[in-house]
Each structure stands twice: as structure tokens, then as C-alpha cells.
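Participant: Structure here, sequence nowhere to be found:
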């Protein structure tokens, strides 16, 4: 398993599927190459000051270390986006949440060109 480090890779995964949890969001994207599974970690500034963000990031890394690599799909990139609840949530519960997130069918996002699933495209009409 490798780490995601390039911003472009994080942005590509952000447009993929996502699974929400109280302590994190798991984003995933299938790659077309035969490389190993890659995973990245991110925590935004709205989650606290630098020591709090670092603690969240450390907890997320430890979750992935304790997870079975078999549960991750090959040829995929994953990003764990930490939330504030990762500081106070029980570690065993977070590990269960992560296992469930990897098995749950992911909710696909449609960020491209403002398309929203289930909504018809807006068309401009001239008044009759």
C-alpha cells in the first residue's frame, strides 16, 4: 500500500465515490493502472488547530494500519477526510466504521458540470 501525496491525486479522488461516517469521509476512485492501493489523509482547518488536526490524522493512519488490506479493492485510490468527531469517538467504533465503509456500496458524486442525480436538466424556453 502506498500513500497519496500529490494534490492532483487528492482532487481526482474527490470526484469519485464517497461513504460518510461520523468521524471521517472515505473517498475512493478506481485507477486504470495495475499499481498498488494508495491512500491519503486530509483534515481541514475547520476541524481545529494544528495539534488537533495532527491527532486526527494520526488516528486515521492507525485505523488503516489495523485494517485488513484485503478489504481494500485493488487498483483504487482512497482518501480519508477527518472530521472533528475523530478526536472523541471510541477507536474500536471508528475501526468498525472504517470496515463498514470499505464494504458499503459507495455513493457516487456528480460534481462535474453541475449535474445533480435525479434532477432534470434545466432548459430555457421562450414564453408561448
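Facilitator: Perfect, I can see it now. Please read all numbers here as calculations on a predicted model, not as lab measurements. Numbers count the residues shown, from 1 in each chain.

Participant: Could I get the pLDDT score of the residue nearest to residue 32 when sequence neighbours are not counted?
Facilitator: Spatially, and ignoring its direct neighbours in sequence, residue 32 is nearest to residue 75 (7.7 Å; CB to CB, 6 or more residues apart in numbering). Backbone N, C-alpha and C define where each C-beta goes, glycine included. In this model, residue 75 is scored at 88, pLDDT.

Participant: where exactly do the helices run in the protein?
Facilitator: Using DSSP state H, the helices of the chain run over residues 7-14, 50-66, 91-103.

Participant: Among those helices, single out whichever gets nearest to residue 40.
Facilitator: Shortest distance between residue 40 and these, using CB to CB, is found for helix 7-14: 5.7 Å.

Participant: if we can go back for a sec, kindly reformat the helices of the chain as CSV containing mean neighbour count, distance to residue 81 and mean pLDDT.
Facilitator: Formatted as CSV, the helices of the chain follow (neighbours: other CB atoms under 10 Å; distance: least, CB to CB, whole Å; pLDDT from 0 to 100):
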stretch, mean neighbour count, distance to residue 81, mean pLDDT
helix 7-14, 15, 9, 95
helix 50-66, 16, 9, 96
helix 91-103, 16, 12, 94
